[in-house]
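> Sequence and computational prediction follow.
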Amino acid sequence: MEDPKRIPVSREVIERLKHCTSGSLTTELFKKGLRQCFLVGLRPMNPNAVKFAGEAYPIRMIPAREDLDTIDTLKPHANPDNLQWEAVENIPEGHVLVIDSRNDPRAASAGAMLPTRLKVRGAAAIVTDGSFRDGVELAQLDFPAYAREVVASTRLSYHRVVDLNVPVACADVAVYPGDILVGDGDGVTVIPRHLAAEMADLCEARDALEKYLHYRVAAGEGLYGVYPPTNQIRADYAAWKAAGAKPEDAPKIRAGGRDAA
């Protein structure tokens, strides 16, 4: 049997997932038995740079130790094995740097310099369950960056990077190398790699249907009988699409040509 973590995922599928909402993704994943794939508590640093999708490139941190994590460890001549720098300089194009900071926001997982370098190298995003520093710069950077908090303290105060491209926990969600992460204005969802193509199909369909249902509820209809959709509502939806899918017609068109009173 093929390893599900190595199943190919095309760029087309990843681009489609980029436009799926987190609500649809989490609902469809829940229907598959995956109860929590959303990274709770993470927010985008720049509200205008939120949409992304890409393969996970996780890195793992442990608590810093005073004799090992000093300011000199940032100097290449003093520490040629700076794994954080290695991650940024070696992440494949289109991947997401996922940082397991143990949900500890007391020191920055990165500052603006690393996301800027990731952007130039063609990465898709940077995500941490800790904090970033340089919040003002990140709020202006056209690159998706998600974290819990903004803090000024350097990473060396509390964090040490010890593993690259290994399974991690980010916001208490398991993230394996090659999983697909999708971000929007609400946050970040983790999709097991083997479900990526199926999720693109299911969530595109769900997002389109939910938009139709919203039109009807916004026009004054009650929830019962509309949301969740009954078979009749689904038939109405099909008739509405066949008629041209105009938002203003959503409350009117019924299957079989019957109009609402």
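That came through fine.
> so how many other residues sit close to residue 239?
Neighbourhood size, residue 239 [other Cβ atoms under 10 Å]: 16. Using the backbone N, CA and C atoms, a C-beta is placed for each residue, glycine as well.
> And residue 228, by the same measure?
9.
> the domain parsing of this protein - what is it?
By the assignment in the TED database, the chain contains the domains 35-191, 199-249.
> Of all these, which one comes closest to residue 15?
Checking the domains of the chain against residue 15 by Cβ to Cβ gives domain 35-191 as the closest, at 7.0 Å.
> Start and end of that closest one, how far apart?
End-to-end distance of domain 35-191: 12 Å, with Cα to Cα, to the nearest Å as the criterion.
> And the strands in the stretch 1-150 of the chain, which stretches?
Assigned by DSSP state E, counting those that start in this stretch, the strands in the stretch 1-150 of the chain fall at 43-44, 52-63, 95-100, 108-110, 125-128, 131-132, 145-147, 149-150.
> on that earlier part again, pick the most buried one from the domains of the chain.
domain 35-191 (a mean of 19; mean count of other Cβ atoms under 10 Å).
> any idea of the mean pLDDT in it?
The pLDDT scores in domain 35-191 average 94.
> before we move on, what about stretch 251-258?
Mean predicted confidence for stretch 251-258 is 79.
> For that stretch, buried residues please.
251, 253, 255 (16 or more other Cβ atoms under 10 Å).
> need these in JSON lines with secondary structure and distance to residue 94, can you?
Formatted as JSON lines, the buried residues of stretch 251-258 follow (DSSP: H, G, I helix; E, B strand; the rest coil; distance: Cβ to Cβ, whole Å):
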{"residue": "251", "secondary structure": "coil", "distance to residue 94": "41"}
{"residue": "253", "secondary structure": "strand", "distance to residue 94": "41"}
{"residue": "255", "secondary structure": "helix", "distance to residue 94": "42"}
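> got CSV for the residues you listed, with distance to residue 173 too?
CSV is the format used below for the buried residues of stretch 251-258 (distance: Cβ to Cβ, whole Å):
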residue, distance to residue 173
251, 39
253, 41
255, 41
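> With that, I have no additional questions.
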